[in-house]
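**Q** just to be clear, the model below is a prediction. Sequence and coordinates:
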Amino acid sequence: MSGEGGFDDAAYDRGMEELTKGDGEDNVITEWTEVHETFDTMNLHENLLRGIYAYGFEKPSAIQQRGIVPFAKGLDVIQQAQSGTGKTATFCAGILQSLNYELEECQALVLAPTRELAQQIENVMRALGDYLQVKCHACVGGTSVREDQRILQAGVHVVVGTPGRVYDMLRRRALKPDSIKIFSLDEADEMLSRGFKDQITTFSNCCRQSCKLAFSVRLCRRKRWKLLASL
Ligand code: AMP
């Protein structure tokens, strides 16, 4: 059945089932029970904690209490929550905790479905990573290709972007996938339903085999109603 904005609930459920089902070798944890009620107990870099508090966050939101640590432990993660619950800072903090700051090569690639969202993510990544001196760049359409090439060639730790421009940068070899160890899809449900699937497959094939995957998805309307009904 099709839900909000042509969203195909059944296809989404099938996709999630496919993603999370084990083949006998994979150990998929569908319920993560470790909860940290403060940022201090998450064992984060001191300079990441400084960035989080300087940004104005005092207490982690529910998804941050559960989502930052598995990221930092290097697990593949699917985080599923409604919009506005703090998913962006969850994967930004997880990525910032996992980078090697001595190495000025792209180690994390974050894809978002729109330019605005990619730029918002870049702002959060820069702000939380301010004291870590993270180098983050947003590769989105509508901006100078030359400038993107120049910045990427000078060295960045994280690239956030929309599929078209990121693909262009990979094709021009301005973005080298060799050091990418985290591949994160924000609003993965939206990206997959917007027909970016082939590009996403190309990106994930470029990344090294040990690359960690992170999907951030919104709860679809039916699931939200189910959740509300259960309260
Ligand atoms: P998001 O779901 O990532 O778009 O975040 C929604 C809003 O919640 C943004 O304005 C964030 O700055 C804010 N936010 C996220 N995490 C926290 C937190 N731990 N404390 C206060 N505000 C937060």
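**A** Okay, I see it. Numbers count the residues shown, from 1 in each chain.
**Q** so which bits of the protein are right by the ligand?
**A** With Cβ under 6 Å from any ligand atom as the criterion, the chain meets the ligand at residues 57, 59-61, 64, 83-89. The way it works is simple: take the backbone N, C-alpha and C, and place the C-beta from them, glycine included.
**Q** show me which of the residues you listed are buried.
**A** 57, 60-61, 64, 86-89 (16 or more other Cβ atoms under 10 Å).
**Q** CSV for the residues you listed, including secondary structure?
**A** Shown next, in CSV, are those (DSSP: H, G, I helix; E, B strand; the rest coil):
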residue, secondary structure
57, coil
60, coil
61, coil
64, helix
86, coil
87, helix
88, helix
89, helix
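**Q** now these in CSV, with distance to residue 165 and pLDDT?
**A** Listed next are those as CSV, based on distance: Cβ to Cβ, whole Å; pLDDT from 0 to 100:
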residue, distance to residue 165, pLDDT
57, 30, 97
60, 32, 96
61, 30, 95
64, 29, 95
86, 27, 93
87, 22, 91
88, 20, 94
89, 24, 96
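**Q** from those residues, which is closest to residue 138?
**A** residue 88 (13.4 Å; Cβ to Cβ).
**Q** quick one: the nearest residue to that closest one once chain neighbours are set aside from residue 110, how far?
**A** Nearest in space to residue 88, with sequence neighbours left out and distances taken as Cβ to Cβ, 6 or more residues apart in numbering, is residue 124 at 5.2 Å. Distance, residue 124 to residue 110, by Cβ to Cβ, to the nearest Å: 10 Å.
**Q** of those two, which one has the most company?
**A** Higher neighbour count among residue 124 and residue 110: residue 110, with 27 against 17, using other Cβ atoms under 10 Å.
**Q** which elements pack onto the helix or strand containing residue 214?
**A** According to DSSP states H and E, residue 214 maps onto strand 212-217. Here strand 212-217 is seen to pack against strand 77-80, helix 87-98, strand 182-185, helix 188-193 when contacts are counted using 3 or more Cβ pairs under 8 Å, 6 or more residues apart in numbering; DSSP states H and E.
**Q** again, only using 10 Å
**A** Helices and strands touching strand 212-217, by 3 or more Cβ pairs under 10 Å, 6 or more residues apart in numbering; DSSP states H and E, are helix 9-20, helix 62-72, strand 77-80, helix 87-98, strand 108-111, strand 182-185, helix 188-193.
**Q** tell me the strands beside that strand, with direction?
**A** Strand 212-217 has the following sheet partners, assigned by DSSP bridges: strand 77-80 (parallel), strand 182-185 (parallel).
**Q** may I see the buried residues of the last one?
**A** For strand 182-185, burial by neighbour count (16+ other Cβ under 10 Å) applies to 182-185.
**Q** ok, residues contacting that strand?
**A** 71, 74, 76-79, 91-92, 94-95, 98-99, 107-113, 121, 158, 160, 163, 177, 191-192, 196, 200, 203-204, 206-208, 211-217 (Cβ atoms under 10 Å, 6 or more residues apart in numbering).
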